[in-house]
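Engineer: Give me a 3D structure for the following:
(2 chains, ligands or ions: 5)
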Amino acid sequence: MATEKTTIFSPELAARFDKLVTLYPVRRSALVPMLLYAQDEVGYISTAVIAEVAERIGIRENDVQSVLSYYSMLRTKPAGKYNVQVCTNISCMVCDGYKILEHCKKRLGIGHKEVTSDGLFSLEEVECIGACCWAPAIQINYDFYDELTPEKMDQILDDYKAGRGKETV
Amino acid sequence: MADVTFTVDGKKLTAPAGTLLIDACKAAGIEVPAFCYYPGLSLQAACRMCVVRLEKVPKLQTACTTTVAEGMVVYTETDEIKQARKATIELLLGNHPLDCPVCDAGGECELQDMTFKYGAGESKYVEIKQHREEQQWSPVVYFDRPRCILCYRCVRVCGEGMDVWALGVENRGVSSVIAPNGGDHLNCEECGMCIDICPVGALTSGTYRYKTRPWEMNHVGTVCTHCGDGCKTTLGVRAVNDGVEIIRGDNRDKSGINGDFLCIKGRYAFDFANNQERLTKPLVRQADGKLASVNWEHAIDFAAQRLKEVRGSRGGKAIGVIGSNRTTNEENYLLQKFARTVLGTNNIDHHRTADYAAFTAALQGRADREASLRDFASAPAILLLGNDPTEQHPALAWQIRTNVRLNRARLYVANHAEIKLRRQAKAAVTIPQIGYASFVEYLSGNDGVFAGNANTSAFRDSVRKEESLLIVFGSEFRGRDIASLVQFGLSLPNVKFACLGDYANSRGAADMGVLPDLLPGYVPVSAPAHFAEEYGSALPTEPGFDMVEMFDAATRGDLSALYVVGSNPVARYGMDASALKNTFLIVQDMFLTETAVLADVIFPSANLYEKAGTATNTYGDLQLVKKAADKAGVRTDFELIVRLAEKMGTHPKNLVPFGKGVRADFGQSRGVQSGEADRHAVWLAANDLEPKLSPFDPFAIFDEIQRLVPAYNVPRLNLLAGNDEHLKSELVQIDTNATRRDLVLPSQDGLYTSGTLGNYSAKLKEVVASHTTMNATETAAD
Ligand code: SF4
Ligand code: SF4
Ligand code: SF4
Ligand code: FES
Ligand code: FES
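Structural biologist: Ligands and ions are numbered 1, 2, ... in the order given. The predicted structure follows:
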């Protein structure tokens, strides 16, 4: 539709959404990708995101809420600037992934799904991230780090803290 | 689709290809258990109770999603299957509170039944159960989370069935929960369908929860007393100190024209009967101007003597009668007979909410032109002109939604407002509120009267291309406009019509001649035909005063007495209370209404749930009204009319043909076996031969109605069995040329109001109040 919409998203993302909803036989198929993109841009799925996504697709907000709450990778609270996702699924668990998780908890002083007080880091225990061959592995935002030891982990966190980390969203 | 043949448990079965295995089995009398499958709703396949073994398929399959195929070989109840179902139940019971002894669903619970059948008595699950407190989501909906088995029926019935989408599922796996759209409360239409459809006791009802055990109620199938749709409802009742009270309303057995549907009013708004303000003693105004309770004998005698005086001194012309939209056909019939033969007046009317006389005249003599409420669930196309069924005719809206969803029926909506059913419409046009008549002309091809556009012309083209169409219209159409609409409809092939009026028996009031110019069956008073002979007295042949004229006459001092039965014209019809200053007023009602406070005599009366008879919904579906409840102190309108007549010196036999015509058969002709007795009774009932030994037996009047009003002469057996029978409207002989004054005043009721009755329903008021406060807080938060 050519009508001017007020949107909480950037013009690029709004344009992407305009297209996305037309790509599938039913509009609601665009729901999950839209939530993911929105999360990347906004940082989390706020109530404003829910409202606009629902409106764009033409479903109700509680419908969005149902889908949103199903997926653990969609979050409804802001994460830290760097979201540290530690895998503890089978391969990583066998290769001491829990040690890495515990180490991160201690280093950052936060637990699962928590954010440091300066907002720089958040921590999350996640299921397999597809890097089993190089377990134990973690992911910070969209970047992978593998074959980890507590020492390597310290180095990575130090780098991020000092602004030397990778700056993908 | 073509039939296929397959084998279930060794039986050869045939069903159309595409039929779900679970349905095919059911049709053949093989029950496959199911929690999540619900006919008419989308498939969920969530519960795995329906698993069956298909030959040559490696794993057990769900019968609720498998369609039958040629040569398929199915086993539904082997040891392997029993074990699988038992395991499913064991998992369901893992965190189930097993509080059956206090659960509302206890005794009616599908989980109990399945556990009983497959047995999972001992649990291997040793963890502590996760308990959650019961939550209140609205005045009528409560949720007990641990009892939920996640069948999603509630989610689907609310979304697909009601088009409200207020319920959803949040989280995943073992953490999944049913969640209301308002976070911790519901913003919804409060229909209670979700509660009704819940197979366990997870969703419970605000009016029923923790009140009784299902087996301690009696269940009576009757008709809803609220809107004109006339839903069949099964009332759960129990004895209390002052009679019998209703504690539950549902239609779980799907037995009526409405299937399992009931709206909030049918399901919850029976509580008016127990309102504190209910009158239970007759009241008579004393010399000091105050109302005081007196005994029945005195009250009836007093009223009768005054009526007699007026009749003697000023004649029937000085007496008026106002009938009700919620009394039975028999009462309406009796009231007009009483007015015409005992009071000697045609001054009789009721609050009209639809112009049934004009509708009947327009359809004059045409068979099969009137749509039943049932037809809306299967018609290929529907044209809705005016009205807002979601608010005013919830059952009709349900039928239409169901039809659009399951059969892809094409709905055309023309309305001045943005009514909700537009969401189901194939095409919708907005027309001016005063533009309905010209829009119909436009539909007939006359472009001059209505400023059309591309949208309206496409709408017109599609409507006119329909080969079978139901046209349903609201009170926007009256008189001549109805005639033109019907004329337009008849120019298309296979059209049926429905005229929407507002109350439970508005149609019956018109059909039974509660009108100043028409006798029962729309026979004109000026040419009373067989009625003259039947009624055996000189019938007044001048049309009487209508409602407005009665009040005018009262103002002039020309109406000395007015008898109002189950109506509140002062509040509902905007009549001027001061007009009745010098009129002797008798009011028969449940409450001290705005009209009743003016009365000289008040008779506390029974409501539709407290009496027997028949009622006709706005579509002309005739149904049996059965007595479910009882209240000490009140009397039915039927009895009161007879008693009043008797005190005025008319022998009840002149009014009610009881004990005549047939000789009562007390079973002398009955055989010796006990089964014989029942057959005998059925036969008597079917042939209208049951003995009517009481002047208060409504069926004695129903006999007379069937005899004198041909449209009502429908087969009785089906009716007595609790089913609807459509009127034979083609048999109505009405003068098609007469012009009548337009006195239609719609009730303006929505989902949560119901005329005067609604004012006395605490539940409806509570719901309205909760919506108002919730909306207020939500707006404030925005
Ligand atoms: S009461 Fe009716 S509208 Fe409300 S949630 Fe239940 S099914 Fe939906
Ligand atoms: S609340 Fe009842 S109907 Fe809804 S999912 Fe749970 S068990 Fe099924
Ligand atoms: S739709 Fe009308 S008749 Fe049916 S339950 Fe509601 S108020 Fe009663
Ligand atoms: S198990 Fe950790 S990456 Fe696959
Ligand atoms: S009834 Fe088939 S899976 Fe629930």
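Engineer: Run me through the strand neighbours of whichever strand or helix holds residue B:382, direction for each.
Structural biologist: Using DSSP states H and E, residue B:382 maps to strand B:381-385. Counting by DSSP bridges, the strands paired with strand B:381-385 are strand B:410-415 (parallel), strand B:469-473 (parallel).
Engineer: Would you mind telling me which of these is nearest ligand 2?
Structural biologist: strand B:410-415 (28.1 Å; Cβ to the nearest ligand atom). Bear in mind the C-beta positions are built from the backbone N, C-alpha and C, glycine included.
Engineer: Average pLDDT for stretch B:741-756, rounded please.
Structural biologist: What stretch B:741-756 shows for mean pLDDT is 93.
Engineer: Any idea how far apart the tips of it sit?
Structural biologist: Stretch B:741-756 has an end-to-end distance of 25 Å (Cα to Cα, to the nearest Å).
Engineer: Mind listing what's buried along it?
Structural biologist: Using 16 or more other Cβ atoms under 10 Å in any protein chain shown as the burial criterion, the residues of stretch B:741-756 that qualify are B:743, B:744, B:745, B:746, B:747, B:749, B:751, B:752, B:753, B:754, B:755, B:756.
Engineer: Would you check that the fourth one makes contact with residue B:503?
Structural biologist: Translated: residue B:746. No: using Cβ atoms under 8 Å, residue B:746 is not in contact with residue B:503, being 10.5 Å away.
Engineer: Between the two, which contacts overlap?
Structural biologist: residue B:353 (Cβ atoms under 8 Å, 6 or more residues apart in numbering or on different chains).
Engineer: ok, what's across the strand from the residue nearest to residue B:294 when sequence neighbours are not counted?
Structural biologist: Nearest in space to residue B:294, with sequence neighbours left out and distances taken as Cβ to Cβ, 6 or more residues apart in numbering or on different chains, is residue B:284 at 4.9 Å. Beta bridges link residue B:284 to residue B:292, residue B:601 when assigned by DSSP bridges.
Engineer: tell me the domain boundaries of chain A?
Structural biologist: As assigned by automatic domain parsing, chain A contains the domains A:2-68, A:82-161.
Engineer: Of those domains, which is nearest residue B:592?
Structural biologist: domain A:2-68 (43.7 Å; Cβ to Cβ).
Engineer: Endpoint to endpoint, stretch B:368-384 covers what distance?
Structural biologist: Stretch B:368-384: ends 19 Å apart by Cα to Cα.
Engineer: what does stretch B:212-227 give?
Structural biologist: 28 Å.
Engineer: could you point out which element follows the helix or strand that contains residue B:483?
Structural biologist: Following DSSP H and E, one finds residue B:483 within helix B:479-490. Going down the chain from helix B:479-490, the next helix or strand is strand B:495-499, by DSSP H and E.
Engineer: okay, the angle between that next one and strand B:381-385?
Structural biologist: 40 degrees (axes from the mean of the first three to the mean of the last three Cα atoms, to 10 degrees).
Engineer: and the helix or strand just after strand B:495-499, what does it pack onto?
Structural biologist: As assigned by DSSP H and E, the chain's next helix or strand after strand B:495-499 is helix B:506-511. If you count contacts as 3 or more Cβ pairs under 8 Å, 6 or more residues apart in numbering or on different chains; DSSP states H and E, helix B:506-511 packs onto helix B:329-337, helix B:356-363, strand B:613-616.
Engineer: ok so residue B:406 is a helix residue?
Structural biologist: Yes: Residue B:406 forms part of a helix when assessed by DSSP: H, G, I helix; E, B strand; the rest coil.
Engineer: Tally up the residues packed near it, please.
Structural biologist: If you count neighbours by other Cβ atoms under 10 Å in any protein chain shown, residue B:406 ends up with 14.
Engineer: Hmm, it is touching residue B:40, no?
Structural biologist: Yes: judged on Cβ under 8 Å, residue B:406 makes contact with residue B:40 at a distance of 6.3 Å.
Engineer: rewinding a little: can the helix or strand that the strand holding residue B:382 is followed by be said to contact ligand 1?
Structural biologist: Where DSSP H and E defines the elements, the next helix or strand beyond strand B:381-385 is helix B:389-392. No: against ligand 1, helix B:389-392 shows no contacts by Cβ under 6 Å from any ligand atom, the least distance being 11.2 Å.
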